[in-house]
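In: give me coordinates for this.
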Amino acid sequence: MDMLRGLILGCLILLGAPMAWASEVPAIAAAANIKFALDKIAADFTQETGKRVRISYGSSGNFVAQLRHGAPFELFLSADDKYIYQLHKLGVTDSDGEVYAIGRLALAAPKRSPLVIDAELAGLKQLLEQGKLKRFAIANPEHAPYGERAKEVLQRLGLWQMLQAHLIYGENVSQAAQFALSGSTDGGIVALSLAMAPQFRAASHYVALPSEWHSPMNQRMVLTPKAGETAKAFYAYLSLPKARAIFTEFGFGLPLVSEGGDQ
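Out: A predicted model of the protein is given here:
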């Protein structure tokens, strides 16, 4: 399967007209939690092929609204497969794409925070009961998958109602991570991939949360009907071993290589 993907990628590169390739820089919409991993993958793609992509990061729910209204994205990498299924059902995409990574949550806090970090959230509960928790960050559960899953975890542990007066919502999980780790809050539940990034890791503590505490975070990608050859080549590149290794480096799980939709 990896060899087949490599051949497809090679053919796409070789068959593209030189002038068209030189000017084609596709717009790509991507979930905020994959920024550090995807930036690294995109840099490798450019180095190996000479082709560039232009990536916009944000919440998956907001990108769905944009795509439904004709946004010119050629590839969408969602933080939750339900958004891809929605687009396909509405006829916005020609397929339901494939899973490129499996997301994880982390409890994280600045190093000077009074919040004790532990995978059972006992430290968070204790701080709440002592009346010492000031603010706690998660992504907005109304449109950000990582916010939805954070809410599921907190509800499971009986902490959701207790936290209502202390919650600070990020527009997406990247903004939530900034709130959680910048010192403006006592901590938060964010994407493990962001907590592991060097930009955040140096100033914070974090611990991965059990994945069985929330519904699966299958991160799915799909090409849109607007996709040109560069977008198609990048889509194929994302499933090659080198790209998969980078996702693993940033704390993501990986689907079976044979998993996929109609692509």
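In: contacts and neighbour counts: CA atoms only from here.
Out: Will do.
In: ok, how many other residues are close to S215?
Out: By other C-alpha atoms under 10 Å, the residues close to S215 number 11.
In: and the residue sitting furthest away from the middle of the chain, how far is that from G91?
Out: No residue in the chain sits farther from the centre than Q130, which is 33.9 Å out by C-alpha atoms, centre = their mean. In this view, Q130 and G91 are 52 Å apart by C-alpha to C-alpha, to the nearest Å.
In: in this structure, which ranges drop under the pLDDT threshold?
Out: Along the chain, segments meeting pLDDT under 70 span 1-23, 257-263.
In: quick one, helices of it?
Out: With DSSP state H as the criterion, the chain has helices at 2-15, 18-23, 35-49, 60-68, 81-89, 122-129, 145-156, 160-163, 173-181, 192-195, 198-201, 229-237, 241-249.
In: dump the ones you listed into JSON lines; add distance to S113 and mean neighbour count as well.
Out: What follows is the helices of the chain, written out as JSON lines (distance: least, C-alpha to C-alpha, whole Å; neighbours: other C-alpha atoms under 10 Å):
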{"stretch": "helix 2-15", "distance to S113": "45", "mean neighbour count": "15"}
{"stretch": "helix 18-23", "distance to S113": "48", "mean neighbour count": "12"}
{"stretch": "helix 35-49", "distance to S113": "25", "mean neighbour count": "16"}
{"stretch": "helix 60-68", "distance to S113": "30", "mean neighbour count": "18"}
{"stretch": "helix 81-89", "distance to S113": "34", "mean neighbour count": "19"}
{"stretch": "helix 122-129", "distance to S113": "11", "mean neighbour count": "16"}
{"stretch": "helix 145-156", "distance to S113": "20", "mean neighbour count": "22"}
{"stretch": "helix 160-163", "distance to S113": "17", "mean neighbour count": "14"}
{"stretch": "helix 173-181", "distance to S113": "9", "mean neighbour count": "26"}
{"stretch": "helix 192-195", "distance to S113": "15", "mean neighbour count": "26"}
{"stretch": "helix 198-201", "distance to S113": "14", "mean neighbour count": "14"}
{"stretch": "helix 229-237", "distance to S113": "40", "mean neighbour count": "22"}
{"stretch": "helix 241-249", "distance to S113": "27", "mean neighbour count": "17"}
